[in-house]
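Student: Need coordinates for the following:
(chains A and B)
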Amino acid sequence: MPSRSRIIAALSALLATGPAMAQDGSPSWFKVSGFGTLAATHSSEKNADFITNYSEPKGPGFTRSTDFGVDSRVGLQFDVKFSERFSAVVQGISERRYDDTYTPSLNMAHLKFQALPGLAFRAGRIPYSAYLISDYQKVGYATPWVRPPVEVYQFNPITSIDGGDLTWQASAGQVAFSGQVVAGSASVKVPQSGVEARFKVNDFVGASLAASYGHGTYRAFYGQMKGTLDNPYLDGSTSPFVILRSPILLTPYGPMPNPYYAPAMADQLDIKKDRITYASVGFNYDPGDWFVMGEWTRKRGDENALLHFTAAYVTGGYRFGNWTPYLTVAWKGTDSPTSNPNAVVNAIVSTADHAQSSVGGGVRWDFRTNLALKAQVDRVKNASGSFGALVNPQPAFQTGGTYNLATLALDFVF
Amino acid sequence: MKTNALIGSLLAVALGTAAVTARAQVVVIISSKNPISKLTPDQVSQIFLGQAKTFYSGGQAVPLDQSEGPARREFYEKVTGKSPAQLKAYWSKLTFSGNAQPPQALSDSHAVVKQVAENPKFIGYVDKAAVDSSVKVVLAL
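Tutor: Take a look at the predicted model:
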């Protein structure tokens, strides 16, 4: 566990600098803060598990009807300012991960150099900000919902990039601009049908531009990466890819021509150093008494047949004092093939359909400073032939179904 | 302490609307060494929300906050349209994405006046009564 010992070393180094100090005007300071969510999530689908992120092995549904782990987490952050220009951030998060433990992982750990008042460079582990709220998607207190809409936020298990970025801020009259150029790599473990797989991102480059004008913020992002899925089963000798790539099948009656032979198709489906591109546009309009926000996102597997998705959502809410009722409409579609006359190809593509739509309503209650209680109900419709956001499907599971989620969440920051 | 708080709340109830009308006026100040003479609410909002790092003149802008209190509440509601909870959520986004920290908070208006006077990069909001010749008012709320 090199990463865990690295966290401990980093934390001890920070703690050794002394107790938490307020920013008392001195150029150097040290600050500890944190966030978390305690949530109970219930699903009406009995034959598969709902998950909020593909790094989670299970959730409410088949495993148990009400689950306390799928939307819960706690994060601790250390900020150090060494001088006017140099600072560092370390953030650890404990949440249910691929192996069904809550072992903390390092979500951020980077150094920041403020070259000019509006220009900074960061190096280390930095947030992966492909979408409007990606870089704080785990902070429930900072978002309207009990979880970011899964149509957009579930698929990519990556929330941080090991690399560097340049962030820039400037204002021109009433418009405040900010931009980011980022490059790096990432690697996360994901559970897949009982085996431990690893999704690797190499050669990631991306750029975003945001403009704030009046009560509105508008943002666009584009990025691309080389994605690799290392899955012991798919990479092994009994993999369907081995069958697709073998011209001859060995049968009890001797070698025979393979009726499923389709090597080009295997290359199309096997996720190995395949170029994947992300594009997203989003906005948030918040004049105070009410807000509306939305996003449209597109993911393309330029060198892979499986990874094409388009997803969007719109959320609106109205603030009655400390009570904020909200409503979300979300949709995710795929233009990847979901069936094929070749039975082996069909077996792969038919399980990769995650198209769904949902309507969710909830209310947020800011009952104490730093504490918010949320209750949310979602009605989710899987598209025909689709598994939607569900994993661990049982034999009785039927694709294209409809189910409900009911969630109670307590968000806190300190 | 408890007795003081009790008397305080009894007074607040007894004075009722009188306390509201008597609420001190909040003004935005910069150092008298800073050449700027006026700022718009939008410009002040951008600086205090971390969206602008410089004054429109180009000089570095560093906002100074106040700890919880009526001046703070009134300032943010009038300039940014955000309630204390909304402001907390706003800074949670920036803090936990590693992008920015909320402005440094000082104990009261007098501490803000003292620090703003020292350097033209500072900008603060204070009770009008605390203003002296070392600082100048660039926006009255």
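Student: which residues touch residue A:160?
Tutor: Residues near residue A:160 by Cβ atoms under 8 Å, 6 or more residues apart in numbering or on different chains: A:107, A:108, A:125, A:126, A:127, A:128, A:186. Yep, even glycine has a C-beta here, placed from its N, CA and C like the rest.
Student: Ignoring the adjacent residues along the chain, who's closest to it?
Tutor: Taking Cβ to Cβ, 6 or more residues apart in numbering or on different chains, and ignoring the residues beside it in sequence, residue A:160 has residue A:125 as its nearest neighbour in space, at 5.1 Å.
Student: so what's the one you found bridging to?
Tutor: Listed by DSSP bridges, the beta-bridge partners for residue A:125 are residue A:109, residue A:162.
Student: how about residue A:125, what does it touch?
Tutor: A:106, A:107, A:108, A:109, A:110, A:160, A:161, A:162.
Student: OK, contacts around residue 40?
Tutor: Looking at chain A here, since you left the chain open. By Cβ under 8 Å, 6+ apart, the neighbours of residue A:40 are A:66, A:67, A:68, A:407, A:408, A:409.
Student: Chain B was what I was after
Tutor: The neighbourhood of residue B:40, defined by Cβ under 8 Å, 6+ apart, consists of residue B:139.
Student: what about 6 Å?
Tutor: With contact set as Cβ atoms under 6 Å, 6 or more residues apart in numbering or on different chains, residue B:40 has no partners.
Student: before we move on, what about residue B:25?
Tutor: residue B:128.
Student: Wait, residue A:213 touches residue A:177, no?
Tutor: No. Using Cβ atoms under 6 Å, residue A:213 makes no contact with residue A:177, being 9.7 Å away.
Student: So the two - more neighbours on which side?
Tutor: The neighbour comparison of residue A:213 against residue A:177 (other Cβ atoms under 10 Å in any protein chain shown) goes to residue A:177, with 17 against 13.
Student: who touches that one in this structure?
Tutor: The neighbourhood of residue A:177, defined by Cβ under 6 Å, 6+ apart, consists of A:170, A:211.
Student: again, but for residue A:59
Tutor: A:49, A:50, A:51, A:67, A:70.
Student: Residue B:98: neighbour count?
Tutor: Residue B:98, neighbours per other Cβ under 10 Å, totals 27.
Student: how close does it get to chain A?
Tutor: Using Cβ to the nearest Cβ, to the nearest Å, residue B:98 is found at 4 Å from chain A.
Student: which parts of chain A sit against chain B?
Tutor: Residues of chain A lying close to chain B (Cβ under 6 Å from any Cβ of the partner chain) are A:23, A:35, A:89, A:108, A:117-118, A:127, A:135-136, A:139, A:141-142, A:169, A:171, A:174, A:176, A:212, A:288, A:366, A:413.
Student: Confirm that residue B:72 lies within a strand, as I assumed.
Tutor: No. Applying DSSP: H, G, I helix; E, B strand; the rest coil, one finds residue B:72 to be helix, outside a strand.
Student: Surely it and residue B:66 touch.
Tutor: Yes. In terms of Cβ under 6 Å, residue B:72 counts as a neighbour of residue B:66; the distance is 4.7 Å.
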